[in-house]
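Engineer: Give me the fold of what follows.
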Amino acid sequence: MRQTGTVATEVDISAREAEVLNLVGAHLSNAEIAARLCISVRTVESH
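Structural biologist: Next up, the predicted model:
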């Protein structure tokens, strides 16, 4: 990750992490995200 001041300008994330972030942005809970993606809540939390 490169930073300019305190703002990240580039971050490498996996496709799954992008899916999780998209659902976080949609204001779903960790449990709702886990159910939607068929993964554990613990996996959601780690992403």
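Engineer: shaky segments in the chain?
Structural biologist: Residues of the chain meeting the criterion pLDDT under 70: 1-5, 8.
Engineer: quick one, what contacts the residue nearest to the spatial centre of it?
Structural biologist: Closest residue to the average C-alpha location of the chain: residue 21 at 3.1 Å, with CA atoms, centre = their mean. With contact taken as CB atoms under 8 Å, 6 or more residues apart in numbering, residue 21 is in contact with 13, 47. Using the backbone N, CA and C atoms, a C-beta is placed for each residue, glycine as well.
Engineer: tell me the secondary structure for it?
Structural biologist: helix (DSSP: H, G, I helix; E, B strand; the rest coil).
Engineer: next one: residue 9
Structural biologist: Reduced to three states with three-state DSSP, the structure at residue 9 is strand.
Engineer: how about the strands in this structure?
Structural biologist: Assigned by DSSP state E, the strands in the chain fall at 2-4, 7-10.
Engineer: ok now stretch 38-47, how far from the chain's centre?
Structural biologist: For stretch 38-47, the gap between its own C-alpha mean and the chain's C-alpha mean amounts to 9 Å (CA atoms, centre = their mean, to the nearest Å).
Engineer: List the buried residues for it?
Structural biologist: Neighbour-count burial for stretch 38-47, with 16 or more other CB atoms under 10 Å as criterion, is recorded at 39, 44, 47.
Engineer: swap in stretch 23-38?
Structural biologist: 23, 28, 30, 33, 34.
Engineer: Need the CA coordinates for it. CSV is fine.
Structural biologist: The C-alpha coordinates for stretch 23-38 follow below in CSV (Å, rounded to 0.1, in the frame of the first residue of the first chain):
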residue,chain,number,x,y,z
LEU,A,23,-21.5,-5.8,1.1
VAL,A,24,-20.1,-3.9,4.1
GLY,A,25,-20.8,-0.8,2.0
ALA,A,26,-24.4,-1.9,1.6
HIS,A,27,-24.6,-1.9,5.4
LEU,A,28,-25.1,-5.7,5.8
SER,A,29,-24.1,-7.3,9.1
ASN,A,30,-21.2,-9.8,9.3
ALA,A,31,-23.8,-12.6,9.7
GLU,A,32,-25.8,-11.4,6.6
ILE,A,33,-22.6,-11.2,4.5
ALA,A,34,-21.5,-14.7,5.7
ALA,A,35,-24.9,-16.1,4.7
ARG,A,36,-24.9,-14.4,1.3
LEU,A,37,-21.4,-15.5,0.4
CYS,A,38,-21.7,-19.0,2.0
